[in-house]
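1. sequence and predicted structure, then a few things I'm wondering about:
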Number of protein chains: 2
Amino acid sequence: MDARNWDQAIRKLGKKATPQRKAILTALSQQDKPATVDEIFIEVREHQKTSLSTVYRNLELLFSQGLINKQGFPGEKARYSLKRDTHEHTLVCIDCRKIVAITGCPLESYAVEIGLRENFVVLDHRMEMYGYCQKCSQIRGRVSD
Amino acid sequence: MDARNWDQAIRKLGKKATPQRKAILTALSQQDKPATVDEIFIEVREHQKTSLSTVYRNLELLFSQGLINKQGFPGEKARYSLKRDTHEHTLVCIDCRKIVAITGCPLESYAVEIGLRENFVVLDHRMEMYGYCQKCSQIRGRVSD
DNA sequence: TAATAAATGCAAATCATTCCTATTACTAAA
DNA sequence: TTTAGTAATAGGAATGATTTGCATTTATTA
């Protein structure tokens, strides 16, 4: 999914390929980690006139259509990221909020197994791990606790 | 952790064992699935005079002290549940929202492994699976899609 | 190029959650 | 047991992210 194809991708959803939508997808493709709505808004606005509500509306659209991911805790701002080919898990530093993508999914066979056991048609799952990144764990080691 | 010990449990945190706090813990212990703040508020209010802000404050307190779990998506209401001995994962029906607790955690050894690989001190993780429960998958099978 | 349905921008509305402050009530000590 | 002191509560107002209504603009498609 590269930049020249945003147009196609949006039309495939039966939606209009507005400059705002293309700019949002471009902004997402430039982020190296899941971004908040205002981060995306700021980035988009540098290249394209837009409004916050347009960004909100379109992120929600793209999420509901399965083009992007939405994650975060309740009470925290939502974070969005482009859906890459492989489904992704993350490792989040609870101190500096650094996010690292984990490649590979340890839950594929487990999902099938649990579906059979509980009589569920399991379609998807979310998994995130929390802890301290190397830097923050060193800082914490030095000072208190 | 049973009802008669809420008093002890709260005091162990260095907090006052108010009737509101005890009632909140009792309410949580009666829920069979993670409950929203207003569900808990309604339940608590049947037995004990309280206010919404008290319920919010105490759920947050109990969560920060590790007595209860907090989960949910950004933009959705947070859901709280009593922390049982074993850490818990859930299976959520995306149609009727039924929640089933999965016993056993398939991620324990993986958490250690990924921590070493990525230089993270992994402290915790969240994992939720989504799909259709038996009932809803049958309904969907019959009608459209 | 014109018709039209969809999308945008802006401001106002919502809704969960947090905060403020006067009042109340646990708790520890006498 | 009473009382002082402090933490906790109630209730309402404030906050902040997200959503919505509506007038205006724009992408599509014939």
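-> Received, thanks.
2. isn't residue A:48 right next to residue A:23, touching?
-> Yes: between residue A:48 and residue A:23 a contact is recorded at 4.0 Å, counting by C-beta atoms under 8 Å. Where C-beta positions appear, they are placed from N, C-alpha and C, glycine not excepted.
3. now chain A, which segments are flagged as low pLDDT?
-> Counting by pLDDT under 70, chain A contains low-confidence residues at A:1-4, A:85-87, A:140-145.
4. interface residues of it facing DNA strand C?
-> A:15-16, A:18, A:20-21, A:49-54, A:57-58, A:74-75 (C-beta under 7 Å from any atom of the strand).
5. which among those residues gets closest to chain B?
-> Among the residues of chain A next to DNA strand C, residue A:74 lies closest to chain B (C-beta to the nearest C-beta), at 3.8 Å.
6. so what's residue A:124 bridging to?
-> Counting by DSSP bridges, residue A:124 forms beta bridges with residue B:130.
7. any idea which element the residue lying closest to residue A:43 once chain neighbours are set aside lies in?
-> Leaving aside its sequence neighbours, residue A:43 sits nearest to residue A:27 (C-beta to C-beta, 6 or more residues apart in numbering or on different chains; 4.2 Å). Secondary structure from DSSP states H and E places residue A:27 in helix A:19-30.
8. helices or strands up against that helix?
-> Packed against helix A:19-30 by the contact rule (3 or more C-beta pairs under 8 Å, 6 or more residues apart in numbering or on different chains; DSSP states H and E) you find helix A:6-12, helix A:37-45, helix A:52-64, strand A:79-82.
9. partner strands of the last one and their direction?
-> Looking back up the chat, that one is strand A:79-82. strand A:35-36 (antiparallel), strand A:68-71 (antiparallel).
10. hmm, who's touching the longest one?
-> Residues from elsewhere that reach strand A:68-71, judged by C-beta atoms under 8 Å, 6 or more residues apart in numbering or on different chains: A:28, A:34, A:59, A:62-63, A:78-83, A:88, A:90, A:126, A:128, B:73-74.
11. ok, now the shortest one?
-> Applying C-beta under 8 Å, 6+ apart, the contact partners of strand A:35-36 are A:27, A:28, A:43, A:77, A:78, A:79, A:80, A:81.
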